[in-house]
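**Student:** Here is my input; please provide its structure:
(2 chains)
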Amino acid sequence: NAGVTQTPKFQVLKTGQSMTLQCAQDMNHEYMSWYRQDPGMGLRLIHYSVGAGITDQGEVPNGYNVSRSTTEDFPLRLLSAAPSQTSVYFCASSKRASGIRNEQFFGPGTRLTVL
Amino acid sequence: AQSVSQHNHHVILSEAASLELGCNYSYGGTVNLFWYVQYPGQHLQLLLKYFSGDPLVKGIKGFEAEFIKSKFSFNLRKPSVQWSDTAEYFCAVIPSLTDSWGKLQFGAGTQVVVTP
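**Tutor:** Residues are numbered from 1 along each chain as shown, chains lettered A, B, ... in the order given. Reported below is the predicted structural model:
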């Protein structure tokens, strides 16, 4: 298994540009999520999905859109990038908990700089 | 606001020294607790987790953590660190068992530097 994969690894955008960060997992996990990591703030949840066609907002959703058309993929879209979105973005996935909490597996991250 | 607090932002220590990183959370009720590690340039990896049972949890690479419910704490320990333990360490909590999807709440992280 490749686990959780993310592309690209690095990206530089200008303010106002749009882009999509890709995330895919091959573990048949129902739950997928996006976090952003900023110095001194840990990881904060942006959006999450509990299955294909179902998404919901996390702690810091503004400026980001998501969709989940398949179990495997969970792209994150920035419609109009802002410097405040400069961050490292991590995608994660896990099995449905069903009363037993499962480990979330993280991708390698995408380092985004918005100028 | 409910939160996860890590006591130290930066820790510098020498090889063979003992390490203890503090983590406190403010959620009531039953929680699930995790420690993740992020080595330089790499993604997060799970060190250990606590769901129930023995409050002393052993993880990978010689790490362990103790859950003290009365203190809302889940401190991470390693008796003797190595240079390869240089990394950032994150405490994380699933604050509600009614949320079976496990939305993790992370602490701010502790950067640990081990000098030779």
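**Student:** Could you list which residues are in contact with the residue of chain A found nearest chain B?
**Tutor:** Chain B sits closest to A:G42 of chain A, with a gap of 3.7 Å, by C-beta to the nearest C-beta. Where C-beta positions appear, they are placed from N, C-alpha and C, glycine not excepted. Taking C-beta atoms under 8 Å, 6 or more residues apart in numbering or on different chains, we find A:G42 in contact with B:4, B:90, B:106-109.
**Student:** Can you tell me, leaving aside adjacent residues, what's nearest to it?
**Tutor:** Counting by C-beta to C-beta, 6 or more residues apart in numbering or on different chains, A:G42 lies nearest to B:F106, which is 3.7 Å off, once chain neighbours are set aside.
**Student:** Checking my notes, B:S70 in a strand, right?
**Tutor:** No - membership of B:S70 in a strand is not supported by DSSP: H, G, I helix; E, B strand; the rest coil, which gives helix.
**Student:** residues near it, how many?
**Tutor:** Close neighbours of B:S70, defined as other C-beta atoms under 10 Å in any protein chain shown, add up to 5.
**Student:** With B:F90 instead?
**Tutor:** B:F90 has 25 nearby residues by other C-beta under 10 Å.
**Student:** so it bridges to which residues?
**Tutor:** In this entry, B:F90 is beta-bridged to B:Y36, by DSSP bridges.
**Student:** The nearest residue to A:Q17 once chain neighbours are set aside and A:L13, how far apart?
**Tutor:** Nearest residue to A:Q17 in three dimensions, chain neighbours excluded: A:A81, at 5.2 Å (C-beta to C-beta, 6+ apart). Going from A:A81 to A:L13 by C-beta to C-beta, to the nearest Å gives 4 Å.
**Student:** which neighbours do the two share?
**Tutor:** By C-beta under 8 Å, 6+ apart, the residues touching both A:A81 and A:L13 are A:19, A:112, A:114.
**Student:** Just those: which are in helices?
**Tutor:** Assigned to helices by DSSP state H, none of the shared contacts of A:A81 and A:L13 qualify.
**Student:** Mind telling me what element the residue lying closest to A:S80 once chain neighbours are set aside is part of?
**Tutor:** Spatial nearest neighbour of A:S80, chain neighbours left out: A:G16 (5.4 Å); criterion: C-beta to C-beta, 6+ apart. Following DSSP states H and E, there is no helix or strand that holds A:G16.
**Student:** Next one, pLDDT for the residue in chain B positioned nearest to chain A please.
**Tutor:** Going by C-beta to the nearest C-beta, chain A is nearest to B:F106 of chain B, at 3.7 Å. For B:F106, the model assigns a pLDDT of 91.
**Student:** Can you give me every residue that contacts it?
**Tutor:** Contacts of B:F106 by C-beta under 8 Å, 6+ apart are A:35, A:42-44, B:4, B:36, B:90-92.
**Student:** Quick one: distance of the lowest-mean-pLDDT helix or strand in chain B to the chain centre.
**Tutor:** Least confident helix or strand of chain B, by mean pLDDT, DSSP states H and E, is strand B:105-106 with a mean of 89. Its chain's C-alpha centre and that of strand B:105-106 lie 11 Å apart, by C-alpha atoms, centre = their mean, to the nearest Å.
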